[in-house]
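*Asks:* Fold the following, please.
(chains A and B)
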Amino acid sequence: MPRFIHAADLHLDSPLRGLARYEGAPADMVRASSRRALENLVALALDRKPDFVLMAGDLYDGDWKDYNTGLYFAAQMSRLSAAGIPVLLIHGNHDAASVMTRGLRLPDTVFTFPSDAPFSKFLNEFCTVVHGQSYPHRQVVDNLGANYPAPVPGAFNIGLLHTSLDTAASDKRYSPCATSDLLAKGYDYWALGHRHNLQVLSEDPPILFCGAGQGRDVGEPGAHGCVWVEAENGKITREFVPLDVLRWAVLDVDATAAADRAEVLSRASAALAAALDQSEGRALAARFRFSGPCPAHSRLARDPERLAADLRAEAQDLSGGRAWVEKVILDTTPAQDLAALAASDTPQGDLLRFLNELEADPAQLAALDPGLDELWRKLREHRGPAAALAQDDPAALAALLPRVRDLLLPLLLEQADGEGT
Amino acid sequence: MRIERLELTAFGPFTDVILDFSAGAPGGLHLVLGVNEAGKSSALRGLLGFLYGIPERSADNFLGHKELRVAALLRTAAGSTLAATRRKGRKNTLLGPDGQPLDDNLLLVELAGLPQETFTNLFGLGHAQLRKGGEELSKAHGDVGQTLFAAASGLSSLRATDARLLAEAENLFKPRGQNQRINAALADYKRLNAEAADLAVPPAEHERLSRELAQAEAARDSLAAEHDARARDLASLLRLRDALDPLDRRALVLAQLAELGDVPLLPPDFRERRFAAQAGLEQARGRMEAAAQARDRAQAGLDGLPEPGPWLAHAHRIAALQKELGAHRKAFEDRAGLALDLAGLRGKAEESLSRLAPGRTLDQAPGLFLPEAEQQRISALVAERRSLGDRLDRASRDAAKLARDLAAADAELAALPAPPDAADLAAALEAAQEQGGLDQRLDQERAALAAARSRAATGLSRLGSCWTGDLDAAVALPVPPDEAVARCEGEFDALAADVRDLDRRAAESTRELDQARADRAGLEASGEVPSEAALTSARQRRDAGWVLVRGRLEEHPDPVAEAAFMADAAPAPNLSAAFEAAQAASDQAADRLRLQADRAARAAALDAAVLRLDRESSDLAARRAELDQRREALKVEWAALWQAAGIAPLPPREMRPWLANHAGLCALVKDMRTQAAALEGLEATATRLSAGLAAALQALDEAEPSSPGLDPAIRVGSAVLSRLADQAALRRDLEARRADLARRAAEARDEAEAAAQGLAAWSGRWAAAVAPLGLASDAAPEAAAALLSGLAGLAQTLHDMVMTERRIAGIDRDAALFADKVGRLVEELAPDMAGMARTSPAEAAEALADRLDEAKERNHKRQDLQTRRDEARAELEATQADARGHEKVLAELCTDARCPDPAGLDPAERASDARSGLENQLKLLTEQLLPLAAGQPLDAFAAAALARDRATLDSDATALETSQADLASRRDAANQQVGALREQLSRMDGSARAADLAQEARACLDGLAPDVERYAALRLAHAILATQIERFRQERQGPVLAEASRAFAALTLGRYAGLDLGYDDKDQPLILPTRPGPDGRPAPVVLDALSDGTKDQLYLALRLAYLHHYLEANAPQPVILDDILVNFDDQRATAALAELARLAERTQVILFTHHRHLADLARATLPADALFIQQLGAATP
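*Replies:* Here you go, the predicted structure:
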């Protein structure tokens, strides 16, 4: 009965998203984090000596064309090869199309499943059969697992599959299937790849996504790593082993009734301290989301960069330089009752009502000319994600209106001495 | 909403300060004169604090009030009143008159839900804001939208806010900028992407390089092989060439060796060994001779010395005697001293014995000594006797003293009187004290009642304006209910307002009528006004003339009519002239009517206006009469309300304070009655308690208090009770002391008895103990002790005597032994000293020692000579052996050199040297040639070399060298290519540099996103603000500007005619102040040209204009102004006060100022019923 590692979705050299640089950010700690995760995986294997390692697809991104990434992967595989640990891998939607997968010379101990048909790899030494199939191309809308062969009697049968499971979005369907399909196969273990967080679909037999080696943005919070599996006398034990070097976290901070910046910072600091405790000494990328009505709102909204700078300084002090302030979202509201002001027959009320009208009437909003065309044009000169920042549709403009209100608030709530509250 | 009253209960510098704003409803201009600025602004803050809550960090508690409090009475928009108190705190800060929390929303509704900031911006104006508003006007350069919006909203940061939005946006992005954050980040992003692409290795590139490397390596290997073969050929050729010379020399050496023949080849150290052997032999022979001589000299010396004898054999015995000698002499000296000591001790013992036991000898003395245990028992009994005696003495003394003390205490107790029972007094006193401070409370209550009566009297006198009577009658007065009074007052006010309105309109109408009439008259005055009527009448006259003329022509004249016609037409000589005149007049009238149609129309319009105004005047007069009637009816109704009370009422406004006084009086009387009842109860209690106390004191035969009242009774009672308590305590103490004394006296007696019994027991034991000493049973312990001590001294002396005798005997024994030892030695070794030994063993011992030393000296010399002789013999034997060794070596060398004797050794050595030299040369040559032969046997190689043609060898070598160099350079080039390809491939090392750059590019983009969003929001905010300002302008410009124009003219005393609209070069509407021009038409001036003061007035005009506009559609709010007129000269201040009074017709206007002359100005120029002045913190002036 085998002992093995189930890993997937390493996405080597794929950049982390959302980490704008700033002075004092722990950039060195998170450099090449996807590679560090793979190195942690190799170190785990060299330490515990599994019978083999499974990789369930998406080693690298298809649109990444630096052969160095492949060479690096090959070097890591050579370390496992030298220790006599075989690796069995399939290609998923991301690395199916990668030109790298064709030319790369990997050690003989690395076995890549073919993409034209399901294949069963016999590992007689461990009384184990691994069934798998690589993606022939990026978009695989057929259920590849359906064609996997029946289990080999007497052996430990493992299904290695890259799948999006059932998903509604048609452009996100990759080898779609249901948990019941997988259960029906009668395998002893399904090693799945594609979803980036650990997700156990069935306990007996185990059917699970082990998650990515490293979370790539704030949408992938918590620990990431691989799963260590031991099968002994028909009993299967699992252990999740973290490989990541950076943790992502969204910190919701209730700023209700906070009087000033210092109080808001102190609450944020408490939330950050808790998150740091949970990150097990790794780098932490934290997104702060402030909410609630508070007297401090107007001043915070007037200078969001100062708040961000304060939070960064606080994070650096508190974490000893291992926390990265990913983003600061200010969803707080003013303490004053703006509804009554908006209902009043005053110039201030007129301005608030106008903002409300614009929110309700995209046509009127579109008729305003805020003079953004030059910026949109400049952004569209770039391809890819930079061009995507050029959002000149009315819905995107309407989404800005709360920010606009924040910008005009100091004026609306100006004190008689000419200063905003 | 309006403020009726503001009470600064505890706020800032104020305690219980009341400001009354009730007059002048619905509006009213209120001037509040502040003593100083701090007090004024505190009052303002107090007002805002009441409306919106007192800020948590308020600095207005420098007087240390328990709690900041401001109260107010408001008149709500619905007409009801709202009284509340605001306290500083976090919640429940608004309290009703009953002290219960009120909902803050009650106030917020009255404030139209406006936040404090908006309320103060709209309805508040201070001097600083006025200045700032003026400055902002200037900065807006007359922009209508901005100016109107800023003035209407009271926001002074409008322009600055907009500018800040644009400035921040510009810092983020400019279409053609480079350093703005978005521009710079985009440039970075582009650069990083390009660098990442540069560093990335396309997989195809790696394949191509690998292929090229394999090809280059194959080409290089082939070239290298060819080059190596060529090198081998060349090397072989060069070896042959290099071997030719050594081969020649080798042949020569071989020939010389053959010639030398078979000579022995001697070892290299041969000559050295020969020299060493020959020199060693010479040396050995010299040393043999010297050794023989030394041996002979030593033997001769020995022969001359005698034998030492038996002395040395007995040396240890002589030495032992020497050691004993010192002790022997010392003992001899000690013995004399000891004999003396012995005699002294004996004398002392005999003297003691004769004292202690006369008649006994020393030998019998030991019989006197007691055993140790017996002695100790006697000592213990002596000590016990002393202790028992002490105990008995002490106990007897104590018993006597305690008996005395006890008697004294009994006497003292008997002298104390018996304690009286004070329970009643204590109870009465406790009851009185429970009512603590009753007298003081009585005084306070009496004073309060007196004060209330005095206030009631004052209140009663205040009712005197329309009613007189006593308090009870006043309370019983059936005054009309509040609602009825309020209704009547409202109706009176409404009527008064209507009358004011009618009067104003009537005055206006009369003014307009007068104007119309005057205009009409003026029109007439400037020449007759042609009219249709005049034309018609001229035409009728012409036509009448024509009838007369036609009558003449048709010959039926009418002379009477003709005369009248002619007379009518001024003096006309005849009918024709009269007709012509009428004809001309008719034409003239027609012409004038045609030519002066305008004047005619104006005259007609004026005539019509006069008619209309006339009608209007009479209408107004009728309505005025109607109002008068209604007022009369209302007066009757008002009087009827008061009839029940028998009061002829003054007008409602004056009856209101009367009613308030009356209500106050009623409340006061009610309170007074309650107070009186309470006072009565208190007095009864005081009397009851005083009586109780007095009775209790009497029962104790104590004096009663000298002065009346409860407090003196309590004081006396307390003093008596305290004194009685002291007496009781004294008695208790004394009794306790006596009991203690009695107990201690008994204890002392017991102790004395116990000690006496102990003494009796001791006497028996004592008699038994001292009997062995021969003492009587009643012997004193001191005598027994002395006897024991004497016996102990005697025993010690006897012991010392025995010890001294023993030591003397020992010394004598040792001296005899010593003499015996000396005698025996003298007999054995020196019989000549026998006499001396007998007489003085010590001297004999010393002489023996001297003789032993002499024998030792002789023996030493003998031993030295023997050693020297033996050494010389050994040396001689050794040198002989040495010489034999050298001779043997020389014989061996001769054998090796094949010569009969040592003389032949030298020639043999030289022949051997020659052979060795040649063989060495041969060896060197062979070593040189062997590598060149490269493994071939040397002779075969030599044969092959000598076979070559020496002449072509060099040219062959040169050709081979050239070819080889060519191959080498081609191989190196191939190597370089391989190196370059490997270098390129080695750079593809799996590095993460491209990935790192891609990550940096991504980070750059992630940093860009919030900036883009911020920029868009900033631009959008600017656009929205600008659009809203324009909307505001379009909606409100007309009415607000018209009113502002009027007010501006009024505020500048006509120096400016008003405000007009113009356009700038971008067609943006501008506000243009106008001045009266020379032609009477207003001439615009640019706003920037106004002086600072005039700008302030323009700003004030705009603010007031918007407030008028606001009040048309919204409930009134109090307008609160803070010293806005400080910089106005008196004339403009007067004008401004008039404008404020105008606004005060619509809503309450409160002006705080610390300039008393403003009050004077206002009093001088404003009607008394429109202006209300009060002093802050003082009675209303």
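
*Asks:* I'd guessed residue B:145 sits against residue B:1025; true?
*Replies:* No - with contacts counted by C-beta atoms under 8 Å, residue B:145 stays clear of residue B:1025, the gap being 10.1 Å. Glycine gets a C-beta too; all of them are placed from N, C-alpha and C.

*Asks:* quick one: low-confidence ranges for the chain?
*Replies:* Unless you meant another one, I'm taking chain A. For chain A, applying pLDDT under 70 flags the ranges A:97, A:99, A:168, A:170, A:415-421.

*Asks:* ah, I was thinking of chain B
*Replies:* In chain B (pLDDT under 70), the answer is B:35-38, B:306-308, B:569-571, B:1177-1181.

*Asks:* okay, which residue is most central for it?
*Replies:* Chain B has residue B:57 as the residue nearest its centroid, 19.8 Å off, counting by C-alpha atoms, centre = their mean.

*Asks:* Look at it and give its secondary structure.
*Replies:* What DSSP: H, G, I helix; E, B strand; the rest coil gives for residue B:57 is coil.

*Asks:* Same question for residue B:991.
*Replies:* coil.

*Asks:* And for it, the neighbour number?
*Replies:* Using other C-beta atoms under 10 Å in any protein chain shown, residue B:991 has 17 other residues around it.

*Asks:* Tell me who's in contact with the residue in chain A positioned nearest to chain B.
*Replies:* Residue nearest to chain B within chain A: residue A:340 (2.8 Å; C-beta to the nearest C-beta). Listed by C-beta atoms under 8 Å, 6 or more residues apart in numbering or on different chains, the contact set of residue A:340 reads B:108, B:112, B:113, B:114, B:115.

*Asks:* and the fourth one, that's in a strand?
*Replies:* No - Residue B:114 sits outside any strand when classified using three-state DSSP, being coil.

*Asks:* what about the closest residue to chain A within the stretch 1001-1150 of chain B, distance to residue B:189?
*Replies:* Of all residues in the stretch 1001-1150 of chain B, residue B:1007 sits closest to chain A, at 3.3 Å by C-beta to the nearest C-beta. Plainly put, residue B:1007 is 9 Å away from residue B:189 if you go by C-beta to C-beta, to the nearest Å.

*Asks:* can you check residue B:682 too?
*Replies:* 93 Å.

*Asks:* Go through stretch B:457-465 and flag the buried ones.
*Replies:* B:459, B:460, B:463 (16 or more other C-beta atoms under 10 Å in any protein chain shown).

*Asks:* again, but for stretch B:99-107
*Replies:* Applying 16+ other C-beta under 10 Å to stretch B:99-107 flags B:102, B:104, B:107 as buried.

*Asks:* Could you list which of the residues you listed belong to helices?
*Replies:* Per DSSP state H, helices hold the following members of these: residue B:107.

*Asks:* which one of the buried residues of stretch B:99-107 sits closest to chain A?
*Replies:* Nearest to chain A among the buried residues of stretch B:99-107, with distances taken as C-beta to the nearest C-beta, is residue B:104, at 10.8 Å.

*Asks:* nearest residue to the closest one other than its sequence neighbours?
*Replies:* residue B:94 (5.5 Å; C-beta to C-beta, 6 or more residues apart in numbering or on different chains).

*Asks:* residue of the stretch 251-400 of chain B with the smallest distance to chain A?
*Replies:* For the stretch 251-400 of chain B, C-beta to the nearest C-beta, closest residue to chain A: residue B:268, 63.7 Å.

*Asks:* okay, now that residue: neighbour count?
*Replies:* Neighbour tally, residue B:268, other C-beta under 10 Å: 9.

*Asks:* Let's verify residue A:285: helix, strand, or coil?
*Replies:* What three-state DSSP gives for residue A:285 is strand.

*Asks:* doesn't residue A:218 make contact with it?
*Replies:* Yes - contact criterion C-beta under 8 Å: residue A:285 and residue A:218 qualify, at 6.8 Å.

*Asks:* intersection of neighbour lists for those two?
*Replies:* A:18, A:248, A:249, A:326.

*Asks:* so which of these also contact chain B?
*Replies:* residue A:18 (C-beta under 8 Å from any C-beta of the partner chain).

*Asks:* Between all of the shared contacts of residue A:285 and residue A:218, which two are separated the most?
*Replies:* A:18 and A:249 (12.2 Å; C-beta to C-beta).

*Asks:* Need the overlap of contacts for these two.
*Replies:* A:218, A:285, A:287.

*Asks:* Now do the SS call for the residue of chain B most remote from its centre.
*Replies:* Computed with C-alpha atoms, centre = their mean, the residue of chain B farthest from its C-alpha average is residue B:555, at 132.3 Å. What three-state DSSP gives for residue B:555 is coil.

*Asks:* same thing with the one 5 residues further on?
*Replies:* Of the three states, residue B:560 takes helix under three-state DSSP.

*Asks:* Against residue B:299, how distant is it?
*Replies:* 236 Å.

*Asks:* Counting neighbours, go ahead and name the busier of those two.
*Replies:* Between residue B:560 and residue B:299, counted using other C-beta under 10 Å, the more crowded position is residue B:299 (14 against 8).

*Asks:* Secondary structure element for the more buried one, which one?
*Replies:* helix B:270-303 (DSSP states H and E).

*Asks:* And that helix, what does it pack against?
*Replies:* Packing contacts for helix B:270-303, counted by 3 or more C-beta pairs under 8 Å, 6 or more residues apart in numbering or on different chains; DSSP states H and E, involve helix B:841-896, helix B:905-933.

*Asks:* and with 6 Å instead?
*Replies:* helix B:841-896 (3 or more C-beta pairs under 6 Å, 6 or more residues apart in numbering or on different chains; DSSP states H and E).

*Asks:* and the angle for the helix it packs on with helix B:270-303?
*Replies:* 150 degrees (axes from the mean of the first three to the mean of the last three C-alpha atoms, to 10 degrees).

*Asks:* Residue B:684 sits in which helix or strand?
*Replies:* Per DSSP H and E: helix B:652-699 holds residue B:684.

*Asks:* What separation is there between the closest residue to chain A within the stretch 101-250 of chain B and residue B:107?
*Replies:* Using C-beta to the nearest C-beta, the single residue of the stretch 101-250 of chain B nearest to chain A is residue B:113, 2.8 Å away. For residue B:113, the distance to residue B:107 (C-beta to C-beta) stands at 10 Å.

*Asks:* before we move on, back to that, moving along the chain from the helix or strand hosting the residue of chain A closest to chain B, name the first helix or strand you hit.
*Replies:* Using DSSP H and E, residue A:340 sits in helix A:338-343. Proceeding C-terminally, helix A:338-343 gives way to helix A:347-360 as the next helix or strand, assigned by DSSP H and E.

*Asks:* which outside residues touch that next one?
*Replies:* If you take C-beta atoms under 6 Å, 6 or more residues apart in numbering or on different chains as the criterion, helix A:347-360 is touched by A:341-342, A:364-365, A:401, A:405, A:412, B:118, B:149, B:152-153, B:1028, B:1032.

*Asks:* Now list the buried members of the residues you listed.
*Replies:* By 16+ other C-beta under 10 Å, those give A:341, A:342, A:365, A:401, A:405, A:412, B:118, B:149, B:152, B:153, B:1028, B:1032 as buried.

*Asks:* Show the contacting residues for the third one.
*Replies:* Right, residue A:365. A:358, A:394, A:397, A:398.

*Asks:* Excluding covalently adjacent residues, which one is nearest to it?
*Replies:* In space, residue A:365 is closest to residue A:358, 4.7 Å off (C-beta to C-beta, 6+ apart).

*Asks:* Among the contacts of residue A:365, give me the pair with the biggest separation.
*Replies:* Top of the distance list for the contacts of residue A:365 (C-beta to C-beta): A:358 and A:394, 9.8 Å.

*Asks:* Have a look at these two and say which one is more surrounded.
*Replies:* Per other C-beta under 10 Å, whichever of residue A:358 and residue A:394 has more neighbours is residue A:358, with 24 against 15.
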